[in-house]
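Asker: Using only what follows, build the 3D model:
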Amino acid sequence: MENLNSILQGSDPIKLAQNFLDDVRPTKGDRKIEVEYPQAHQSIVTVIQKTKSQDATSEVMRYRLEMNSFGRSLLSSSPPIWRIVWVGSQVQCPTKNLAKKNNPKLKTPTKPVQDGFDKEC
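Answerer: Numbering: from 1, shown residues only. Next comes the predicted model:
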């Protein structure tokens with residue numbers, strides 16, 4: 001648990017999120033990272049991570065990391081220290097690049113899927 005606590009705190013929310021995900025689930029895929037500051041001592045980092053396997057399937061994971069700041073490291077001019085307080089994830093159903101024009105066997109989804117993420121695959 002001590003190792004996990006060390007990766008739950010840092011001075012930059014984006015780097016903190018990257019380090020956390022690298023330790024928990026390393027990947028060689030692409031990442032898109034966005035950060036929001038909805039309140040003075042709160043940040044929300046959203047990470048969309050895409051990976052492809054050798055059989056042409058792809059997996060897209062979306063992570064949400066919520067952080068709170070709780071002071072500064074040494075001096076009042078130092079950046080705030082952020083702590084991860086909650087992490088959640090969603091997986092996009094795996095897909096293969098099989099779509100061809102005029103293929104009657106491929107059906108369009110009957111229910112809308114927001115951002116391609118669904119609760120059931």
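
Asker: Packing partners of the lengthiest helix in the chain?
Answerer: As assigned by DSSP state H, the longest helix anywhere in the chain is helix 13-24. Judged by 3 or more C-beta pairs under 8 Å, 6 or more residues apart in numbering; DSSP states H and E, helix 13-24 is in contact with strand 9-10, strand 30-39, strand 42-52, strand 57-72, strand 80-96. Glycine gets a C-beta too; all of them are placed from N, C-alpha and C.

Asker: in the protein, which helix or strand is least confident?
Answerer: helix 2-6 (a mean of 52; mean pLDDT, DSSP states H and E).

Asker: Other residues contacting the longest helix of the chain?
Answerer: 4, 7-10, 27, 31, 33, 35, 43, 45, 47, 49, 63, 65, 67, 82, 84, 87 (C-beta atoms under 8 Å, 6 or more residues apart in numbering).

Asker: For burial, what's the neighbour tally of Pro80?
Answerer: Using other C-beta atoms under 10 Å, Pro80 has 17 neighbouring residues.

Asker: wait, isn't it in contact with Ser11?
Answerer: Yes. Counting by C-beta atoms under 8 Å, Pro80 does reach Ser11; the two are 7.0 Å apart.

Asker: Could you say which helix or strand holds Thr75?
Answerer: Careful, residue 75 is Leu; it's not Thr. For Leu75, there is no enclosing helix or strand under DSSP states H and E.

Asker: if I look at it, how far off is Lys15?
Answerer: 20 Å (C-beta to C-beta, to the nearest Å).

Asker: okay, those two: which has more neighbours?
Answerer: Taking other C-beta under 10 Å, Leu75 and Lys15 do not tie; Lys15 has more neighbours (13 against 6).

Asker: Okay then, goodbye and thanks.
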